[in-house]
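[1] Everything below, folded, please.
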Amino acid sequence: DMAEPIQQLTRNNNPQERQTIPFTLIQRKEKLGDLLYEKRQYGKAKWACIKMKEKQYEQSICLGFMKLMRYICEQNSSGLYLGITIPIVTIVHTNEAQSEMTQSVTVAYYLPELLQDEPPHPFDSDIVIEEWPSTIVYSR
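    The predicted model follows:
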């Protein structure tokens, strides 16, 4: 099922072709010279998002990512490989009291700059295109 997207990604696995999402660095946390995380602010932009809810949140992340890869690798209204932007963002949801993680996660792909004005429509109805306001992201 994933053979074509993996082949497409492999064919396009040139680091120069990966677009890093523009951001402002807010904070950088290191320990003994190793980067633990960065707190970044991303500007207003369009993202392809999918919300998943499997028994374990790791499964949700993996399945959501695979569905997004199909969208990126030609299963979209343009019929073209859209290109990789990094990072792919995962939002882990919590219960109302914010005391526990739920099984629900959102996996999101920043649409490349050239596609921001008119993003291709996904064939998978579980994927939605959302415009996010300026957003804070923690990155490892």
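
[2] where along this structure do the helices fall?
    Taking DSSP state H, the helices of the chain run over residues 3-11, 57-72.

[3] Surely Arg18 is in contact with Leu82?
    No - Arg18 is not in contact with Leu82 according to Cβ atoms under 8 Å; the separation is 11.9 Å. Placement of C-beta: from N, CA and C, glycine included.

[4] what about the two, which has more around it?
    Per other Cβ atoms under 10 Å, whichever of Arg18 and Leu82 has more neighbours is Leu82, with 20 against 12.

[5] Any figure for the gap between the more buried one and Leu111?
    7 Å (Cβ to Cβ, to the nearest Å).

[6] repeat for Met101
    Taking Cβ to Cβ, one finds Met101 at 27 Å from Leu111.

[7] Repeat that for Met52.
    19 Å.

[8] Now for Asp126, how many residues are close by?
    There are 14 residues near Asp126, going by other Cβ under 10 Å.

[9] List the residues that contact it.
    Applying Cβ atoms under 8 Å, 6 or more residues apart in numbering, one finds that Asp126 lies in contact with 50-51, 67.

[10] For the residue in the chain sticking out farthest from the centre, give me the pLDDT.
    Computed with Cα atoms, centre = their mean, the residue of the chain farthest from its C-alpha average is Leu32, at 29.2 Å. Note on Leu32: pLDDT of 93.

[11] In contact with it, which residues?
    Applying Cβ under 8 Å, 6+ apart, no residues qualify as near Leu32.

[12] Begin at 24, not 1, for the rest of this chat.
    In the new count, where the first residue is 24, that last one comes out as Leu55.

[13] low pLDDT regions in the protein?
    24-40 (pLDDT under 70).

[14] can you pull out the strands in it?
    Taking DSSP state E as the test, the strands found in the chain are 42-43, 46-54, 57-65, 68-76, 108-109, 112-117, 124-133, 150-155, 158-162.

[15] ok, back up a step: more neighbours: Met124 and Leu134, which one.
    Ranked by neighbour count (other Cβ under 10 Å), Met124 and Leu134 place Leu134 first, with 24 against 12.

[16] I'd like to know how far the more buried one sits from Phe146.
    Relative to Phe146, and taking Cβ to Cβ, Leu134 is found at 16 Å.
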